[in-house]
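Student: Give me a 3D structure for the following:
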Amino acid sequence: MTNAVSRHALQQFLTAEFPQIDMTVETVEDDAVLIRQAIDHQHLRPGRTVSGPTMMAVADCAAYVALLARIGIVPLAVTTSLNIHFLNKPSPDRAICAKATLLKLGQRLAVSEVAIHSEGTPGLVAHAVVTYAIPAQRRR
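Tutor: From the prediction side, this is the model:
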């Protein structure tokens, strides 16, 4: 299937509508996107590791972008479920990258799997499954 929205358009939307985040849309493929979050002191918790809320935000954003890439810019698509497993300690001095793969796109719900790793290192630091509700006016 072909994406409805380009990487550039998705990045512009995030920048305009979510100025509080500084994530970058790195790639957009048919059923997957890659999001990058630079890490600095505000993203760390005691023990010099990336905080859980930071990784959850990255997972949520990646799933949102994967959905919007497919169905178009639908600002009112909302998270209904986010289940995350923290697997390994992320590097405190490397960006976090999240690859979201759209597993199911229904009329009302979309489910994505998100694999999170520290940039340039093998192995997952977290794994999430995120479900989004699609507003009625944009359902197909």
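Student: and the longest helix for this protein?
Tutor: Among the elements of type helix in the chain, defined by DSSP state H, the one spanning the most residues is helix 52-71.
Student: Can you give me the buried ones in stretch 55-62?
Tutor: In terms of neighbour count (16 or more other C-beta atoms under 10 Å), stretch 55-62 has its buried residues at 55-62. In short, each C-beta sits where N, CA and C put it, glycine included.
Student: and if you look at stretch 22-41?
Tutor: Of the residues in stretch 22-41, 23-26, 28, 32-37, 39 count as buried by neighbour count, 16+ other C-beta under 10 Å.
Student: Serialize the residues you listed to a markdown table and add fields for secondary structure.
Tutor: Conversion of these to a markdown table gives the following (DSSP: H, G, I helix; E, B strand; the rest coil):
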| residue | secondary structure |
| --- | --- |
| Met23 | strand |
| Thr24 | strand |
| Val25 | strand |
| Glu26 | strand |
| Val28 | strand |
| Ala32 | strand |
| Val33 | strand |
| Leu34 | strand |
| Ile35 | strand |
| Arg36 | strand |
| Gln37 | strand |
| Ile39 | coil |
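Student: Take those residues and lay them out in TSV including pLDDT and distance to His117.
Tutor: Conversion of the buried residues of stretch 22-41 to TSV gives the following (pLDDT from 0 to 100; distance: C-beta to C-beta, whole Å):
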residue	pLDDT	distance to His117
Met23	97	15
Thr24	97	15
Val25	98	17
Glu26	98	13
Val28	97	18
Ala32	94	14
Val33	98	15
Leu34	98	10
Ile35	98	12
Arg36	98	11
Gln37	98	12
Ile39	96	12
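Student: show me what contacts the residue nearest the centre of the chain?
Tutor: For the chain, the residue sitting closest to the mean C-alpha position, by C-alpha atoms, centre = their mean, is Ala62 at 1.2 Å. Taking C-beta atoms under 8 Å, 6 or more residues apart in numbering as the definition of contact, the neighbours of Ala62 are 33-35, 98-100, 112, 114, 130.
Student: how about a cut-off of 6 Å?
Tutor: 35, 98, 100, 114 (C-beta atoms under 6 Å, 6 or more residues apart in numbering).
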